[in-house]
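Visitor: Dropping the sequence and predicted coords here.
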Amino acid sequence: MSDITEKEINCASFCPATAYQAASVCLPVSVSPYTEIGRVVIHCCGSPVLADTREDRCDCGTCTFTIRQNICVEIPIAFKAAVTSGKERVHCGGVSTEGCPPGCNNTGGDENC
């Protein structure tokens, strides 16, 4: 839109006019969360403990025992989100040459978007 100069207004080479269009503009936005796991670190808590040992003297080819270790797992997690938008939409209201309608400074939106 070009600016109207004072010279153009004084020359009366056109009829100036201003129109106001009331509209409610909508933009659907989608937020998709995702995470990333960093390098996991294992911390040992105390010493390992042997339990359930079997002292079978048979010649069966297998020895079985249980060992227990308390651990603390350090898991760094990065919470992130990808954001996309859809197609813009507009709900047109009235047109006027008298200025914006009352309440046009409201930040409330149209619930029908």
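Guide: Here it is on my side, so go on. Given the structure is predicted, the values throughout are model-derived calculations rather than measurements. Residues are numbered from 1 along each chain as shown.

Visitor: for the residue nearest the centre of the chain, what are its contacts?
Guide: By C-alpha atoms, centre = their mean, the chain has its centre lying nearest to V31, at 3.8 Å. Listed by C-beta atoms under 8 Å, 6 or more residues apart in numbering, the contact partners of V31 are A81, A82, V83. The C-beta positions use only the backbone N, C-alpha and C, and glycine is treated the same way.

Visitor: which residue sits closest to the second one, ignoring its sequence neighbours?
Guide: Taking C-beta to C-beta, 6 or more residues apart in numbering as the measure, A82 lies nearest to S32, with 4.8 Å between them; neighbours along the chain are not counted.

Visitor: any idea which helix or strand carries that neighbour?
Guide: S32 belongs to strand 29-37 when assigned by DSSP states H and E.

Visitor: can you check P16 too?
Guide: Using DSSP H and E, no helix or strand contains P16.

Visitor: ditto for C60
Guide: Counting by DSSP H and E, C60 is part of no helix or strand.

Visitor: Can you give the distance from the strand ranked longest in the chain to the centre of its chain?
Guide: When the chain is parsed with DSSP state E, its longest strand is strand 41-51. Strand 41-51 sits 40 Å away from the centroid of its parent chain (C-alpha atoms, centre = their mean, to the nearest Å).

Visitor: what helices or strands is that strand leaning on?
Guide: strand 66-74 (3 or more C-beta pairs under 8 Å, 6 or more residues apart in numbering; DSSP states H and E).

Visitor: tell me the mean pLDDT for stretch 50-59?
Guide: Averaging pLDDT along stretch 50-59 gives 69.

Visitor: now swap in stretch 30-44 and tell me
Guide: pLDDT averaged over stretch 30-44 gives 97.

Visitor: In the helix or strand that V25 is a member of, which residues are buried?
Guide: Applying DSSP H and E as the criterion places V25 in strand 20-26. Across strand 20-26, burial judged by 16 or more other C-beta atoms under 10 Å covers no residue at all.

Visitor: Kind regards, and thank you for your time.
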